[in-house]
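*Asks:* Okay, sequence plus prediction incoming.
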Amino acid sequence: MSERWVLALADDGRGALLVPVDGAGRPLGDAVREPDLVAAVRERPEVYRWVWRSTAEVYPRLLAAGVRVERCYDIEDAEQLLLAHEGRLGEPRSAAAAWARLQQRPVPPDPPQRAAEPGSQSSLFEPGPVHVPLEGLLEVYADQLRRHAGALHPGRMRLLTAAESAGMLIAAEMNAAGLPWSAAVHKQVLHELLGGRYAGGGEPRRLAELADEVSAAFGRRVRPDLPADVIKAFAQAGIRIRSTRRWEIETLDHPAVRPLVEYKKLYRIWVAHGWSWLQDWVRDGRFRPEYLPGGTVTGRWVTNGGGALQIPKVIRRAVVADPGWRLVVADADQLEPRVLAAISGDPGLTEVAGRPDDLYQAVSDRAFSGDRDAAKLAVLGAVYGQTSGDGLKNLALLRRRFPRAVAYVDDAAREGEEGRLVRTWLGRTSPPAAGAEEQGEAGIPMLPEEGATEGARGAAATDLGGGEAGADEWVPGYASTNSRARGRFTRNFVVQGSASDWALVLLAALRRATAEMAAELVFFQHDEVIVHCPQEEAEAVVEAIGAASLEAARIVFGETAVRFPFSTAVVECYADAK
DNA sequence: AGTTTCGGCGCC
DNA sequence: AAAGGGCGCCGAAACT
């Protein structure tokens, strides 16, 4: 009933070798050779988890033939997570490398990552990495299962690799589905914003007009897209600026400011999401970016080409559901502070995050006399490591009411400054400080002593429980610029990364909940998901999102009181969701 | 000529 | 005194 099979592609590139395994990865019987990968999988619906080298290698072929699988285990993705957890991130992560390490053979370096071509059919035609036979995959898989047992929290580590493997399936399915995209609407938006294009290329009319206005304001020809030119022009007008960033330009009193800022905004649309982007990335009414789960160190996804995670708000008008279908746009409310409540166990913040109300308002009622903006700045400052201006004052107020939450991120920052590794809730581990080995700047990266760190953290948090504000405030001391930057990184890492952990499990739960529907997951952006579904299914999808949120909270954080509410909108056009 | 870095801004 | 995390994308500038 719950069968687990390990599958290796045959070296003819079409067939497969496969064998059922037990819970420790030991083969149950002889391997089977099948002439056709797709048929081999399709004919075994009873298989509960497919174990393979790389989802990106196998699954697009199955999807192209209309075959979906319930679960998988991606060996190379797990290798990456396990190596990081073991503090060995620099070592090659390929299955071939892992096998070579086990056999004490020379370890091959990882093949270089190739950038995606616009509209390319993902990894289907990429040059294959070093082939690893079934025998090798079996050895590596069994070893990885053992290594999970050696993790700081084995159960969480197993959940992490399972969730990331689910993410690999979802990414491949989203790549195959594509985001519904109306080229006609996109062109209309571009025309409204930028005006027509001149024959023979060059910038569109509106940009040319704005550039002329900028030049007129300076009394000489200035190219607004060249920072050096703009800085020189302002200098000649008697205004010294350090950069041409918008927030700096906007403080100036000069007639060039308005057209310059407008130019920068539209220029950005033109170069990043203009006509050539449309040409490159949209085909047959779908935008197909190539999602890479775990593409960032914190576990957030990236896309390889197309800039799918940076679609400007105005361009979202082009995301339009098929006729009779809807987009269910679901956005997790204040995800990171809620995650901080769950991982730190701070009683006050957990209480605040245990309700679906606006979290920043609740925080401000308790610690900021109802000043929501101050509360939000303080929370984000604590998570991002802001330590200047009002941030410091606000942080002190936050610390008084939510000491354990602030201590949690402060601890992470200190560990980073000391050159240590930090981990997310499920065990995703920060990379070592760059160049730490050579320079000794931040010391040799080392793993926290297992158990000791958590004990110390728990004790510190307890001590702070009733303390006065600032009584045990962490002071950066003599930390260098580099190590402070490192501290900001690790401070953010534990929160952003744990949020990624949770979001992955949420996605997997949502995928399972919608498996029998016509609905398809078409977009995922850190804390936001879009489901494309027939209009009649929309309400069921909204319900499924709520249920998946509860399930993800329970699976990831256990019996926490923290809730993760979503704002959901059922719309025909993405731009109407907010 | 080809490759890498920088500046700026889009998203979270 | 200064002190803001993670990404991708583009063209220009700075390299080799």
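*Replies:* In hand now; what should we look at?
*Asks:* Please enumerate the helices of the stretch 301-450 of chain A.
*Replies:* Residue ranges of the helices in the stretch 301-450 of chain A, as given by DSSP state H, counting those that start in this stretch, are A:335-344, A:347-353, A:359-367, A:372-384, A:390-401, A:403-417, A:436-439.
*Asks:* got the buried residues for the fifth one?
*Replies:* Neighbour counts over helix A:390-401 (16 or more other Cβ atoms under 10 Å) mark A:391, A:394-395, A:397-401 as buried. C-beta coordinates here come from the backbone N, C-alpha and C atoms, glycine included.
*Asks:* Now do it and helix A:372-384, the angle between them.
*Replies:* Going by axes from the mean of the first three to the mean of the last three Cα atoms, to 10 degrees, helix A:390-401 is angled at 90 degrees with respect to helix A:372-384.
*Asks:* Could you list every helix and strand that helix A:390-401 packs against?
*Replies:* helix A:359-367, helix A:372-384, helix A:403-417 (3 or more Cβ pairs under 8 Å, 6 or more residues apart in numbering; DSSP states H and E).
*Asks:* Which elements pack onto the last one?
*Replies:* The reference is to helix A:403-417. Helix A:403-417 packs on helix A:335-344, helix A:347-353, helix A:372-384, helix A:390-401, helix A:452-464, helix A:481-513, going by 3+ Cβ pairs under 8 Å, 6+ apart.
*Asks:* next one: the first one
*Replies:* Secondary structure elements in contact with helix A:359-367, counted by 3+ Cβ pairs under 8 Å, 6+ apart, are helix A:335-344, helix A:347-353, helix A:372-384, helix A:390-401.
*Asks:* tell me which residues in it are buried?
*Replies:* Result for helix A:359-367 [16+ other Cβ under 10 Å]: buried residues A:359-360, A:362-367.
*Asks:* Low-confidence stretches in the stretch 351-500 of chain A?
*Replies:* Scanning the stretch 351-500 of chain A for pLDDT under 70 picks out the ranges A:387-389, A:391, A:434-479.
*Asks:* same thing but at 90, please
*Replies:* A:355-357, A:373-374, A:376-378, A:380-397, A:431-486 (pLDDT under 90).
*Asks:* Residue A:544 - how many residues pack around it?
*Replies:* Residue A:544 has 23 neighbours, counted by other Cβ atoms under 10 Å.
*Asks:* Enumerate the residues of chain A near DNA strand B.
*Replies:* With the criterion set to Cβ under 7 Å from any atom of the strand, chain A comes near DNA strand B through A:227, A:231, A:243-247, A:249, A:264-265, A:268, A:272, A:307, A:309-313, A:525-528.
*Asks:* 6 Å instead?
*Replies:* By Cβ under 6 Å from any atom of the strand, the residues of chain A that approach DNA strand B are A:227, A:243-246, A:264-265, A:268, A:309-310, A:312-313, A:525-528.
*Asks:* among these, who's most crowded?
*Replies:* Using other Cβ under 10 Å as the neighbour criterion, residue A:527 leads those with 21 neighbours.
*Asks:* How about the contacts made by it?
*Replies:* A:331-332, A:335, A:499, A:503 (Cβ atoms under 8 Å, 6 or more residues apart in numbering).
*Asks:* quick one: average pLDDT of stretch A:8-26?
*Replies:* Averaging pLDDT along stretch A:8-26 yields 94.
*Asks:* isn't residue A:217 right up against residue A:259?
*Replies:* Yes - at 6.8 Å, residue A:217 counts as touching residue A:259 under the criterion of Cβ atoms under 8 Å.
*Asks:* Output the below-cut-off pLDDT ranges for the stretch 101-250 of chain A.
*Replies:* Using pLDDT under 90, the stretch 101-250 of chain A drops low at A:109-131, A:195-205, A:225-229, A:240-250.
*Asks:* Just the strands from it, written as ranges.
*Replies:* Using DSSP state E, counting those that start in this stretch, the strands of the stretch 101-250 of chain A run over residues A:179-180.
*Asks:* okay, which residue is most central for chain A?
*Replies:* The residue lying closest to the centre of chain A (Cα atoms, centre = their mean) is residue A:300, at 1.6 Å.
*Asks:* how deep is residue A:221 tucked in, by neighbour count?
*Replies:* Residues contacting residue A:221 under the criterion other Cβ under 10 Å number 12.
*Asks:* Spatially nearest residue to it (excluding sequence neighbours)?
*Replies:* Spatially, and ignoring its direct neighbours in sequence, residue A:221 is nearest to residue A:215 (5.1 Å; Cβ to Cβ, 6 or more residues apart in numbering).
*Asks:* any idea which helix or strand carries residue A:7?
*Replies:* strand A:3-9 (DSSP states H and E).
*Asks:* That strand packs against which elements?
*Replies:* Here strand A:3-9 touches strand A:16-21, helix A:37-42, strand A:47-52, helix A:55-64, helix A:134-149, going by 3+ Cβ pairs under 8 Å, 6+ apart.
*Asks:* can you tell which of these is closest to DNA strand C?
*Replies:* DNA strand C lies closest to helix A:55-64 among the helices and strands packed on strand A:3-9, at 15.2 Å (Cβ to the nearest atom of the strand).
*Asks:* and the next element down the chain from the closest one?
*Replies:* Using DSSP H and E, the helix or strand that follows helix A:55-64 in sequence is strand A:72-74.
*Asks:* For that following strand, what is the distance to the chain centroid?
*Replies:* Relative to the centre of its chain, strand A:72-74 is centred 19 Å away, using Cα atoms, centre = their mean, to the nearest Å.
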